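**Q** Okay, here's the prediction I keep looking at, along with the sequence it came from:
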Amino acid sequence: MSILTLVPEDGAVVIDSKLLGEIHVKPDDLLLFPVGLLGFPECRRFALLRGGGEGLFWLQSMEYPALAFLLADPFTIDNSYSFDVQPSQIADLGEADLADVGLLSVVTLPSSRNEQPTVNLQGPLVINFRTRQAKQIVSGDDQYGVRCPVDLNRLVA
């Protein structure tokens, strides 16, 4: 478990991330996944932080300092990307207008330089920015896969 420290002057929390180092997380950067993430049901509190490029973000677990995910805006990766989210699928995330909801996809980084990073376009994270709650929704449509190759250099440049 991580040790969190409250920084009184701005209400931030400090976490010592194994990947990102010491980070100050403002309350507006916190997300709650009421049922955790797929494969990580015990992980429910995360910080959403800007990454090093256009449409890139880090999702840092607040409970486990070694757990962080690279996320990408799926619309930046594929400008023809579409994903239908039904109101019933996100009703448990609280009241939201369309403008309050965002999608981000988990990027899998390769274990060797000979492999290409991939992105899960079939199961994006759906975030209600009004309530700061989120969940992963997997589409039954196989138009997009869970391991779509992505050129991260294009997003970082």
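**A** Arrived safely, thanks for sending.

**Q** Give the buried residues for the longest strand along the chain.
**A** Looking across the chain with DSSP state E, the single longest strand is strand 101-108. Using 16 or more other C-beta atoms under 10 Å as the test for burial, strand 101-108 gives 101, 103-108. C-betas here are computed from N, CA, C, even on glycine.

**Q** now stretch 62-81
**A** 62-65, 67-77, 81.

**Q** Then stretch 105-124?
**A** For stretch 105-124, by 16+ other C-beta under 10 Å, it's 105-108, 117-124.

**Q** Pipe those into JSON lines and attach pLDDT and distance to residue 30 per row.
**A** Shown next, in JSON lines, are the buried residues of stretch 105-124 (pLDDT from 0 to 100; distance: C-beta to C-beta, whole Å):
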{"residue": "105", "pLDDT": "97", "distance to residue 30": "20"}
{"residue": "106", "pLDDT": "97", "distance to residue 30": "18"}
{"residue": "107", "pLDDT": "96", "distance to residue 30": "21"}
{"residue": "108", "pLDDT": "95", "distance to residue 30": "24"}
{"residue": "117", "pLDDT": "94", "distance to residue 30": "26"}
{"residue": "118", "pLDDT": "95", "distance to residue 30": "27"}
{"residue": "119", "pLDDT": "96", "distance to residue 30": "24"}
{"residue": "120", "pLDDT": "95", "distance to residue 30": "23"}
{"residue": "121", "pLDDT": "95", "distance to residue 30": "26"}
{"residue": "122", "pLDDT": "94", "distance to residue 30": "26"}
{"residue": "123", "pLDDT": "94", "distance to residue 30": "22"}
{"residue": "124", "pLDDT": "96", "distance to residue 30": "19"}
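
**Q** Can you tell me which of the residues you listed is closest to residue 154?
**A** Residue 154 has its nearest neighbour among these in residue 117, at 11.1 Å by C-beta to C-beta.

**Q** So that closest one versus residue 63, what's the distance?
**A** For residue 117, the distance to residue 63 (C-beta to C-beta, to the nearest Å) stands at 26 Å.

**Q** Next: residue 105.
**A** Relative to residue 63, residue 105 is positioned 22 Å away (C-beta to C-beta).

**Q** can you give me the strands for this protein?
**A** 5-7, 12-17, 21-25, 30-32, 45-50, 56-61, 68-72, 101-108, 118-119, 125-128, 133-136, 148-149.
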